[in-house]
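Student: sequence-free structure coming up:
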């Protein structure tokens with residue numbers, strides 16, 4: 001009886017999975033400030049900030065390139081993603097179903113959900129590196145592929161269970177948790193970086209900061225086994241670290257709750273407190289530490305507070321990511337309630353977190369998942385703004401009752417094939433491929449639609 005009662009309560013956690021968000025469910029600006037801050041002052045920042053140092057970014061490239069890339073990311077959310085979100089009020093997945101048809105969306109959603117699960121899994125692993133410290137859990141090294149101990153497996157499953165529980169509760173609960181956690185996390189990041197400055201020989205008045213930072217932190221020389229990054233890597237990675245969310249339109253699912261499109265500028269809180277200050281702080285921590293594990297790095301800087309920050313930072317990234325994964329699988333399995341789908345996604349996430357290589361290759365993975373998903377963002381943009389102007393039908397799959405919109409499918413598959421060729425055979429790095437893929441999708445989708453819709457009309 002208790003199990004049945006709990007199931008009914010979970011079924012009632014409706015998140016407008018298949019229809020526009022109603023007016024009475026719209027959220028204020030505070031929830032979006034909290035959500036962006038909580039998601040982007042987060043576990044990924046501990047890892048990415050360290051990896052910039054490892055890839056030999058120079059101090060000028062880090063500060064200037066990071067500034068430019070973050071401004072471009074904020075503008076992408078505010079001027080491209082959120083205006084569509086507040087007009088349509090649909091989740092990414094239901095909007096795509098109207099355009100592409102259920103079969104193509106099923107394929108997309110499976111890919112999308114797996115990408116989100118792996119990203120959330122990386123954050124579960126980051127949190128676990130801190131949770132295991134007081135229990136003396138044998139932590140895997142970042143170059144390990146498989147779990148190193150039973151303690152690691154237990155720790156990962158404990159963290160994964162908590163994160164999945166929060167994701168099941170829905171958007172409002174996620175935003176409330178993030179609002180409380182984000183300010184504290186930011187100050188811990190900052191305090192840990194400040195505490196580490198003296199270890200690097202930086203004076204209290206910061207008068208020698210730039211010189212020491214160039215010698216000991218962002219040296220302009222990559223560590224052995226790492227590729228060399230330039231300012232262009234910093235700009236494009238910073239802009240497209242969340243390509244799937246803004247230009248890829250995944251945050252339609254979040255921003256559909258916004259009262260105004262201007263709420264897209266709330267992303268600046270996450271970009272500049274997280275993808276700027278937190279990455280810089282993480283680089284300082286890494287340069288002063290003797291470990292590669294994020295939890296241990298933070299613990300060495302400021303003790304228990306640092307370890308707790310890593311734990312919560314991992315949660316606040318994984319929670320909304322797992323929520324998105326649940327929504328993606330909801331469309332692929334419409335007969336399942338969202339909480340059941342999210343529970344299944346949480347299991348995949350937790351299993352993925354057992355493998356530490358997911359953290360070690362985080363920058364490459366972030367670039368890859370943005371590239372894979374971004375062409376469909378271009379399809380949504382073109383469908384929303386261009387189809388009527390070009391004399392074509394938008395929401396074509398829904399209007400015609402078709403299961404697979406070949407114009408959208410060919411656009412997506414073709415661009416992924418071209419990107420694969422450019423990366424593997426021409427040598428173009430993943431970080432530089434999302435922008436041309438997005439632009440080309442806006443061009444190709446209407447072009448293919450012109451021929452496809454004409455053929456269907458015959």
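Tutor: It's in. Everything quoted here is computed from the prediction, not taken from an experiment.
Student: Assess the claim that residue 160 and residue 343 are in contact.
Tutor: No - with contact defined as Cβ atoms under 8 Å, residue 160 does not reach residue 343; the gap is 10.9 Å. C-beta coordinates here come from the backbone N, C-alpha and C atoms, glycine included.
Student: higher neighbour count, these two?
Tutor: Legend: neighbour count by other Cβ atoms under 10 Å for residue 160 and residue 343, higher for residue 160 (27 against 18).
Student: how far away is the residue nearest to residue 213 when sequence neighbours are not counted from residue 218?
Tutor: Leaving aside its chain neighbours, residue 213 sits nearest to residue 59 (4.6 Å; criterion: Cβ to Cβ, 6 or more residues apart in numbering). Separation of residue 59 from residue 218 (Cβ to Cβ, to the nearest Å): 4 Å.
Student: Kindly report the same for residue 395.
Tutor: Using Cβ to Cβ, one gets 48 Å for the distance from residue 395 to residue 218.
Student: Looking at those two, which is more packed in?
Tutor: Taking other Cβ under 10 Å, residue 395 and residue 218 do not tie; residue 218 has more neighbours (25 against 17).
Student: residue contacts, the more buried one?
Tutor: 52, 53, 57, 58, 59, 61, 62, 283 (Cβ atoms under 8 Å, 6 or more residues apart in numbering).
Student: repeat that with 10 Å
Tutor: 52-53, 55-63, 229, 234, 280, 283-284, 287 (Cβ atoms under 10 Å, 6 or more residues apart in numbering).
Student: okay, and for the stretch 151-300 of the chain, where does confidence drop off?
Tutor: Counting by pLDDT under 70, the stretch 151-300 of the chain shows low-confidence ranges at 170-179.
Student: Which stretches in it count as helices?
Tutor: 171-197, 209-212, 231-240, 252-255, 267-269, 279-288, 294-302 (DSSP state H, counting those that start in this stretch).
Student: Residue 117 is nearest to which of those?
Tutor: helix 252-255 (15.4 Å; Cβ to Cβ).
Student: Tell me, how many residues neighbour residue 330?
Tutor: Residue 330 has 25 nearby residues by other Cβ under 10 Å.
Student: close enough to count as contact, the residue nearest to residue 213 and residue 221?
Tutor: No - if you go by Cβ atoms under 10 Å, residue 59 and residue 221 don't touch, sitting 11.9 Å apart.
Student: In terms of neighbours, single out the busier of those two.
Tutor: Taking other Cβ under 10 Å, residue 59 and residue 221 do not tie; residue 59 has more neighbours (20 against 11).
Student: Mind listing the shared neighbours of residue 59 and residue 218?
Tutor: Going by Cβ under 10 Å, 6+ apart, residues that sit against residue 59 and also against residue 218 are 280, 283.
Student: got the contact list for the residue sitting nearest the centre point of the chain?
Tutor: Among the residues of the chain, the one closest to the centroid is residue 242, at 5.2 Å (Cα atoms, centre = their mean). Counting by Cβ under 10 Å, 6+ apart, residue 242 touches 39-40, 44, 73, 76-77, 248, 250-251, 267, 270-271, 275, 366, 370.
Student: I'd like to know which of the residues you listed are buried.
Tutor: 39-40, 44, 73, 76-77, 248, 250-251, 267, 270-271, 275, 366, 370 (16 or more other Cβ atoms under 10 Å).
Student: Tell me which stretches of the stretch 351-458 of the chain form helices.
Tutor: 357-360, 362-385, 396-400, 406-421, 434-457.
Student: Mind putting those into JSON lines with mean pLDDT?
Tutor: What follows is those, written out as JSON lines (pLDDT from 0 to 100):
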{"stretch": "helix 357-360", "mean pLDDT": "79"}
{"stretch": "helix 362-385", "mean pLDDT": "94"}
{"stretch": "helix 396-400", "mean pLDDT": "95"}
{"stretch": "helix 406-421", "mean pLDDT": "97"}
{"stretch": "helix 434-457", "mean pLDDT": "95"}
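Student: tell me which strands and helices the strand or helix carrying residue 71 is in contact with?
Tutor: Element membership of residue 71, judged by DSSP states H and E, is helix 66-76. If you count contacts as 3 or more Cβ pairs under 10 Å, 6 or more residues apart in numbering; DSSP states H and E, helix 66-76 packs onto helix 29-40, helix 231-240, helix 267-269, helix 279-288.
Student: tell me the two of the contacts of residue 242 that are most distant?
Tutor: Largest separation among the contacts of residue 242 by Cβ to Cβ: 44 and 76, giving 17.9 Å.
Student: Quick check: neighbours shared by residue 160 and residue 343?
Tutor: Contact with both residue 160 and residue 343 is made by residues residue 322, according to Cβ under 10 Å, 6+ apart.
Student: For residue 354, which non-adjacent residue is spatially closest?
Tutor: Residue 354's closest residue in space is residue 147 (Cβ to Cβ, 6+ apart), at 4.8 Å.
Student: Please read the previous query as pertaining to residue 65.
Tutor: Using Cβ to Cβ, 6+ apart, the nearest residue to residue 65 is residue 234, at 3.0 Å.
Student: OK, contacts around residue 89?
Tutor: 16, 19-23, 25-26, 95, 252, 255-258 are the contacts of residue 89 under Cβ under 10 Å, 6+ apart.
Student: swap the cut-off to 7 Å and go again
Tutor: Residue 89 makes contacts with 20, 21, 256, as judged by Cβ atoms under 7 Å, 6 or more residues apart in numbering.
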